[in-house]
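> I would like the atomic coordinates for the input below:
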Amino acid sequence: MRGATVKSKPERSDILPILMGNSVTFVIGDLVTVDSDGYLQLVTSSDEPICGVVKGFVQKTGEHVDFASGYNDRITTDSDNATVDMDEALVDVGRDIWIQMDADASLAQANLFQYFDTNNSYEVDVGDASDTDGALQLIKLDPEGTGDASMGLYRIADHQFGSTAS
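The predicted structure follows:
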């Protein structure tokens with residue numbers, strides 16, 4: 001499974017349609033950020049705050065968009081999406097969501113409640129563990145109990161709508 005799976009959220013709806021940038025492949029579950037031009041982009045490095053998690057896609061008319069050929073969870077925006085197609089991603093921007101994500105290495109008990117940055121929009125960088133700063137904070141190891149030592153449950157610590165990290 002690629003991307004983040006929202007595991008809990010508040011009672012209220014925090015789904016926000018956000019205009020996607022040009023020529024980007026978005027997958028449901030990707031971590032995303034809004035760039036300085038106001039367009040949704042994939043989180044690609046550790047220094048980007050996280051806006052939220054992609055939950056779906058809509059056209060500017062409000063209709064659902066067609067998925068990429070052969071897929072039911074991704075689209076690639078056109079090179080003029082920001083000015084012509086204006087397709088939007090439905091983004092869970094909730095500050096209190098917990099997300100399940102895979103890491104690039106095994107996690108250990110000592111990593112609980114540490115902060116981590118990401119390698120990209122769907123993978124946690126274990127080598128970047130910190131007790132004080134990072135994009136995500138590990139809440140639980142192997143949340144589904146499958147024995148997958150690289151899977152964790154996280155909260156967004158460096159949120160685009162205001163950091164909650166210490």
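> going forward, measure contacts between C-alpha atoms and count neighbours the same way
Noted.
> contact partners for residue 142?
Contacts for residue 142 (Cα atoms under 8 Å, 6 or more residues apart in numbering) come out as 148-153.
> could you do residue 148 as well?
residue 142.
> how far away is it from residue 101?
Distance of residue 148 to residue 101, given as Cα to Cα, to the nearest Å: 11 Å.
> returning to that earlier point: by neighbour count, which of the contacts of residue 142 wins?
Comparing these by number of neighbours (other Cα atoms under 10 Å), residue 151 comes first, having 25 neighbours.
> was I right to think it contacts residue 101?
Yes: assessed by Cα atoms under 8 Å, residue 151 is found in contact with residue 101 at 5.8 Å.
> before we move on, back to that, Throw the contacts of residue 142 into a markdown table and include secondary structure, pLDDT and distance to residue 40, thanks.
As requested, these are exported to a markdown table (DSSP: H, G, I helix; E, B strand; the rest coil; pLDDT from 0 to 100; distance: Cα to Cα, whole Å):
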| residue | secondary structure | pLDDT | distance to residue 40 |
| --- | --- | --- | --- |
| 148 | coil | 97 | 31 |
| 149 | coil | 96 | 31 |
| 150 | coil | 97 | 28 |
| 151 | strand | 97 | 26 |
| 152 | strand | 97 | 25 |
| 153 | strand | 97 | 24 |
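> closest one of these to residue 109?
Using Cα to Cα, residue 149 comes nearest to residue 109 of these, at 10.1 Å.
> after the helix-or-strand element of the chain with minimal mean pLDDT, next one along is what?
Least confident helix or strand of the chain, by mean pLDDT, DSSP states H and E, is strand 5-8 with a mean of 63. Using DSSP states H and E, the helix or strand that follows strand 5-8 in sequence is strand 15-19.
> for the helix or strand just after that following strand, which outside residues touch it?
Going down the chain from strand 15-19, the next helix or strand is strand 25-27, by DSSP H and E. Applying Cα under 8 Å, 6+ apart, the contact partners of strand 25-27 are 3, 42, 54, 73-77.
> at 6 Å instead, please
73-76 (Cα atoms under 6 Å, 6 or more residues apart in numbering).
> within its sheet, name the partner strands of that strand and how each one runs.
Using DSSP bridges, the strands paired with strand 25-27 are strand 74-76 (antiparallel).
> and the contacts of the strand it pairs with?
The contact list for strand 74-76 (Cα under 6 Å, 6+ apart) reads 24-27, 67-68.
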